[in-house]
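*Asks:* Attaching a predicted model along with its sequence, questions to come.
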Amino acid sequence: MLLRVSGQVSGADVDLSLVMGHALGNGGVPHGQSLIAFVEAVMGDDNGVLANWREQLAEEIGGEGLVDAAAVIAMFNYVDRVADATGIPLDDMLDSTTREIRSHLGIDNFKLAKSG
């Protein structure tokens, strides 16, 4: 949802299917493919791959950009784990404002797979 709002505010044409690996190119996000690869490396278990992506991303967006990207990944990972662990459901407003994008990206399928 934040990426969608950021795109709307900045006037960028962001293809949110980038986060699911379905967009062509960068999905309208500068360095989008590299950022996605970095997220996957952070969440993975191969330290060599992580080191390579960390170095490549630092070359592309600079050290401060790399720190910002890592901080965003950490925060989203933390918030998601806390919400999952405590069973926090989406509130009505968030449910209604994200319904279309969740459907488009197939995000609700993750919940079904988790509970099944």
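*Replies:* Okay, I see it. Predicted model, so just to flag it, every value in this text is computed and none were measured.
*Asks:* gap between stretch 82-89 and the chain center?
*Replies:* Stretch 82-89 has its average C-alpha position 18 Å from the chain's average C-alpha position, going by CA atoms, centre = their mean, to the nearest Å.
*Asks:* Look up how far residue 33 lies from residue 67.
*Replies:* Computed as CB to CB, to the nearest Å, the residue 67 to residue 33 distance reads 20 Å. For glycine as for every other residue, the C-beta is placed from the backbone atoms N, C-alpha and C.
*Asks:* Between those two, which is the more surrounded one?
*Replies:* It is residue 33, of residue 67 and residue 33, that has more neighbours when counted by other CB atoms under 10 Å, with 15 against 12.
*Asks:* What sits closest to that one if chain neighbours are left out?
*Replies:* Ranked by CB to CB, 6 or more residues apart in numbering and with sequence neighbours excluded, the top spatial neighbour of residue 33 is residue 26, at 5.6 Å.
*Asks:* Give me the three-state assignment for that neighbour.
*Replies:* Following DSSP: H, G, I helix; E, B strand; the rest coil, residue 26 is assigned to coil.
*Asks:* Next one, pLDDT for it please.
*Replies:* In the predicted model, residue 26 carries a pLDDT score of 72.
*Asks:* pretty sure it is in contact with residue 32, am I right?
*Replies:* Yes: applying CB atoms under 8 Å, one finds residue 26 in contact with residue 32, separated by 3.4 Å.
*Asks:* Residue 56 sits in which helix or strand?
*Replies:* Using DSSP states H and E, residue 56 falls within helix 47-86.
*Asks:* What is that helix packed up against?
*Replies:* Contact partners of helix 47-86 among helices and strands, from 3 or more CB pairs under 8 Å, 6 or more residues apart in numbering; DSSP states H and E: helix 32-43.
*Asks:* chain center to the helix it packs on, what's the gap?
*Replies:* With CA atoms, centre = their mean as the basis, the mean position of helix 32-43 lies at 9 Å from the chain mean.
*Asks:* mind checking how far the nearest residue to residue 107 once chain neighbours are set aside is from residue 67?
*Replies:* Closest residue to residue 107 apart from its sequence neighbours, by CB to CB, 6+ apart: residue 101 at 7.7 Å. Counting by CB to CB, the gap from residue 101 to residue 67 is 28 Å.
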